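Participant: Coordinates only, no sequence provided:
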C-alpha cells in the first residue's frame, strides 16, 4: 500500500518516481520532468470556456462529438437518467430516451460514446432487464440493443470507444460474484471489443491483469491496433500480441484523454510536479518516441474530458466548497476567530467527510477523485499522512474513527457502476487496509466490530447484519410524514449517526411536504430496547441536517438551515435539554453526511462551505501544434 507524508508524495512527483516502469516509461517520465523544470509549454493552443453553471452533468459519463458540436450525457434532473444531447453552440438540450423523446422507456444511461462519424451513440442502459449496451442515432432514431452482458454471464457494461470504421465498440464487462457467508463479494472485469454486426466479443484484457481496470477512459488508436487506458497509471495494450506496457506510473495520477487523429500522439492528464497538466506523448507502434509535449500546465479543477477531432473538450470545477477550521466558544457564544483554510477547494471531493479522532490529535478527511484519505495533525499542519485506497476502490461513503484513535473504518465504493460499498479498516501504524464485509447500506453507520449497519427508511430505523443473519427494525415509524409523539414530529428519511459506544442511534426526521403541520425533529433510539426519545423539535421552516455525536456521547451536533439565512451549527444534550448555537456561516455543505465536525475539546469546528461551479472548456488547434513540434 502506497502511503507517505504529503510533502514526500509531492517530492516524489516532482522527482518523477519511476518504480515499476520499463525503460520506455522511465525515459518518458524523465523527459516530462525536464520539460516541467524548464517551463516548456506548447504555443498556439487556445483554451475557451463553453459553458459555466450548475446545469452541467456527469463529467465521467458524458462525451463529445468529434466535430465538437455536441455533448452526450446522462440527464438526471429528468427523474430518470435519460440519455440527452446538448448543442454546445446554442446550449439547447434534447432527450434521446425518456419522456418527450422518440424512446420513452424507463431506465437510466450509464456512460456513452459518439461513433467516429458522429451519427450514432453507444451507451450503457439500465432498464427492466438489467444492463445492456444500446446504440441510437443522434436524432433518436434506430434504438437497438447491440449486446447483452448477461450473454457472457456479466452483470454490467461500460462503454469506452468505437473503432474508426464504427464496426466495434470498446467496452468493459463487470461481473459480481455471489457474496460469501462473511459478506465478501468479489468482482470480475473484462476489457472487450464488441462486434456491432453480431454481438460477438473479443477479450482484450482480463481482470486478473494486476487487478486494475480503466477508471475513467479507454481509447482505440486510430488504426485499431492499440488500446490506451488509465487507472491511476497510464497503459497501452497491443491487441495482436496482448502485450501491455506502462507509459506512466508512480505516485502521480494519470488520466488518458485520447489519441490524435493521426495516432502519432497520445494525450493525457498528469499531476507530475504537483499540478495537473495536459501532455501529448509521441507514439509509434504502441510505444513512446521523442520528447513529450507539455500542451498546457496548471489545468486546475480538471475532472474529465477527451480528444474530439482536433480539440480537447473537458469538464472543470472552477469553484468548490473549501474545508475550513474555526475556533469556537464551547459555551455557545460563537466563533473566536475567522475561519482559515485546511485545504482549498479545487475539487468537489476535497475535504469531504472530515472527522476528528477521539483523542483530538488528528483530523481525517477525504480528498480527490479517486479518493485519498488524509490524516492531518490537529495542532501541527506540517504533519500529514496520505493513504491511497486499494484497488478497485475509488470513492468513500463514510469515515469513522476507532475509539482508541489508532485506526479508521471506511465505507469504500468500488469502481463498478453498481457502486458496491465495502468496509475497509485502515491501521495507521502500518498504513495497511484490511478488507471487511460488504455494506449494503453504503455510507450508513457501521458498528466498530463491523457486524451491524443501521439505516433509516420510510419504515423506521433498520438494523442489518453484515454477517448475513438478517435484518429488522429497531424502531418502527408510524408512516411517512405521519406526526408521531407528543412533540408533533413527522417521520421522513433524514440523517443518522451511531453513538461512540454503539448503543444509541440519532436520527433527523424531515417529513418535507408530506404533512405541513409536522415539524423537523431529532430523535435518539436506545438500541437495547428500541425506545425513541425526541430530543429536539425544529422551528417552522427549519430543516435539520447532518448529525454527529460528541466524543463522549453526551451531546449531538446538527446543522440548521433556514430560508434566506446563514447556516447554523447547534449542540444539544443527547438526553434532551436546552440547545445552544455554536457557529453560523453561509453555505455550509451538509446533507445526510454532517459536512462539519466539532473537536472533542469543543473549541474547534471544521466544516465545508462555499458554492460549486462547473464549466466546459475546449482546447483547439492541437493538430497544428503537434505537427509543428
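Facilitator: Noted; the coordinates are in hand. If you're wondering where the values come from, they're calculated on a predicted model, not measured in any experiment.

Participant: From here on, just use CA atoms for contacts and neighbour counts.
Facilitator: Will do.

Participant: which residues does the closest residue to residue 254 other than its chain neighbours bridge with?
Facilitator: The spatial neighbour of residue 254 that comes closest, neighbours along the chain excluded (CA to CA, 6 or more residues apart in numbering), is residue 270 at 4.5 Å. Beta-bridge partners recorded for residue 270 (DSSP bridges): residue 254, residue 277.

Participant: For residue 270, list the residues it contacts.
Facilitator: 252-255, 276-279 (CA atoms under 8 Å, 6 or more residues apart in numbering).

Participant: If you rank the residues you listed by neighbours, which is first?
Facilitator: residue 255 (27 neighbours; other CA atoms under 10 Å).

Participant: which residues does the nearest residue to that one once chain neighbours are set aside contact?
Facilitator: Spatially, and ignoring its direct neighbours in sequence, residue 255 is nearest to residue 269 (5.0 Å; CA to CA, 6+ apart). By CA under 8 Å, 6+ apart, residue 269 lies in contact with 254-257, 276-279.

Participant: could you dump the residues you listed to a markdown table with distance to residue 595?
Facilitator: Formatted as a markdown table, these follow (distance: CA to CA, whole Å):
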| residue | distance to residue 595 |
| --- | --- |
| 254 | 29 |
| 255 | 29 |
| 256 | 32 |
| 257 | 33 |
| 276 | 27 |
| 277 | 30 |
| 278 | 32 |
| 279 | 36 |
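
Participant: Let's have the residues you listed in JSON lines, adding distance to residue 394 and pLDDT.
Facilitator: Formatted as JSON lines, the contacts of residue 269 follow (distance: CA to CA, whole Å; pLDDT from 0 to 100):
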{"residue": "254", "distance to residue 394": "14", "pLDDT": "84"}
{"residue": "255", "distance to residue 394": "14", "pLDDT": "89"}
{"residue": "256", "distance to residue 394": "17", "pLDDT": "93"}
{"residue": "257", "distance to residue 394": "19", "pLDDT": "94"}
{"residue": "276", "distance to residue 394": "19", "pLDDT": "84"}
{"residue": "277", "distance to residue 394": "21", "pLDDT": "87"}
{"residue": "278", "distance to residue 394": "22", "pLDDT": "90"}
{"residue": "279", "distance to residue 394": "24", "pLDDT": "89"}
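
Participant: Name the nearest of the residues you listed relative to residue 166.
Facilitator: residue 257 (19.4 Å; CA to CA).

Participant: next one: the helix or strand containing that closest one to chain centre, how far?
Facilitator: Taking DSSP states H and E as the criterion, residue 257 maps to strand 254-259. Distance of strand 254-259 from the chain centroid (CA atoms, centre = their mean, to the nearest Å) equals 19 Å.

Participant: Give me the helices and strands touching it, please.
Facilitator: Counting contacts by 3 or more CA pairs under 8 Å, 6 or more residues apart in numbering; DSSP states H and E, strand 254-259 packs against strand 218-220, strand 226-230, strand 234-238, strand 265-270, strand 302-308.

Participant: Next, the angle strand 234-238 makes with the second one.
Facilitator: Using axes from the mean of the first three to the mean of the last three CA atoms, to 10 degrees, the inter-axis angle of strand 226-230 relative to strand 234-238 is 160 degrees.

Participant: now strand 226-230 against strand 265-270, angle please.
Facilitator: Using the same axes, to 10 degrees: strand 226-230 against strand 265-270 is 10 degrees.

Participant: can you check the third one too?
Facilitator: On the basis of the same axes, to 10 degrees, strand 234-238 is oriented at 150 degrees to strand 265-270.

Participant: partners of strand 234-238 in the sheet?
Facilitator: strand 226-230 (antiparallel), strand 244-248 (antiparallel).

Participant: Out of those, which is closest to residue 520?
Facilitator: strand 226-230 (45.9 Å).

Participant: count of neighbours near residue 298?
Facilitator: 12.

Participant: how close does the spatially most central residue of the chain sit to residue 316?
Facilitator: Geometric centre of the chain, nearest residue: residue 395, 5.1 Å, by CA atoms, centre = their mean. Distance, residue 395 to residue 316, by CA to CA, to the nearest Å: 19 Å.

Participant: Ok, residue 229 next?
Facilitator: Residue 229 is 21 Å from residue 316, by CA to CA.

Participant: re the thing from before, next one: the residue nearest to residue 254, what pLDDT does it get?
Facilitator: With respect to pLDDT, residue 270 has a value of 87.

Participant: Residue 302 now?
Facilitator: pLDDT, residue 302: 84.

Participant: how about it, what does it touch?
Facilitator: Contacts of residue 302 (CA under 8 Å, 6+ apart): 276, 314-317.

Participant: I'd like the average pLDDT over stretch 159-172.
Facilitator: 95.

Participant: correction: stretch 323-332
Facilitator: 87.

Participant: And stretch 498-512, by the same measure?
Facilitator: 88.

Participant: Now do it: distance to the chain's middle.
Facilitator: On CA atoms, centre = their mean, the centre of stretch 498-512 falls 25 Å from that of its chain.

Participant: contact partners of that stretch?
Facilitator: By CA under 8 Å, 6+ apart, stretch 498-512 touches 403, 445-448, 456, 480-482, 489-497, 518-528, 543-547, 549, 551-553.

Participant: and those residues, which are buried?
Facilitator: Buried members of these, counted by 16 or more other CA atoms under 10 Å: 445-448, 456, 480-482, 489-497, 518-526, 543-547, 549, 551, 553.

Participant: Which ones among those residues lie within strands?
Facilitator: Among the buried ones among the contacts of stretch 498-512, DSSP state E puts 456, 489-490, 496-497, 521-526, 543-547, 549 in strands.

Participant: Touching, residue 421 and residue 411? I think so.
Facilitator: Yes: at 6.0 Å, residue 421 counts as touching residue 411 under the criterion of CA atoms under 8 Å.

Participant: downstream neighbour of whatever helix or strand residue 383 lives in in the secondary structure list?
Facilitator: For residue 383, the element it lies in under DSSP H and E is strand 380-388. Later in the chain than strand 380-388, the nearest helix or strand by DSSP H and E is strand 393-401.

Participant: How many neighbouring residues does residue 375 have?
Facilitator: 23.

Participant: Apologies, that question was intended for residue 502.
Facilitator: 17.

Participant: Secondary structure class of it, three-state.
Facilitator: For residue 502, the assignment made with DSSP: H, G, I helix; E, B strand; the rest coil gives coil.

Participant: Extract the residue ranges of the stretch 201-350 of the chain that are flagged as low pLDDT.
Facilitator: Along the stretch 201-350 of the chain, segments meeting pLDDT under 70 span 207-216, 251, 273-274, 344-350.

Participant: For residue 171, give its distance to residue 121.
Facilitator: For residue 171 relative to residue 121 (CA to CA), the value is 13 Å.

Participant: Was I right to think the residue nearest to the centre of the chain contacts residue 388?
Facilitator: No: here residue 395 lies out of contact with residue 388, judged by CA under 8 Å, at a distance of 10.4 Å.
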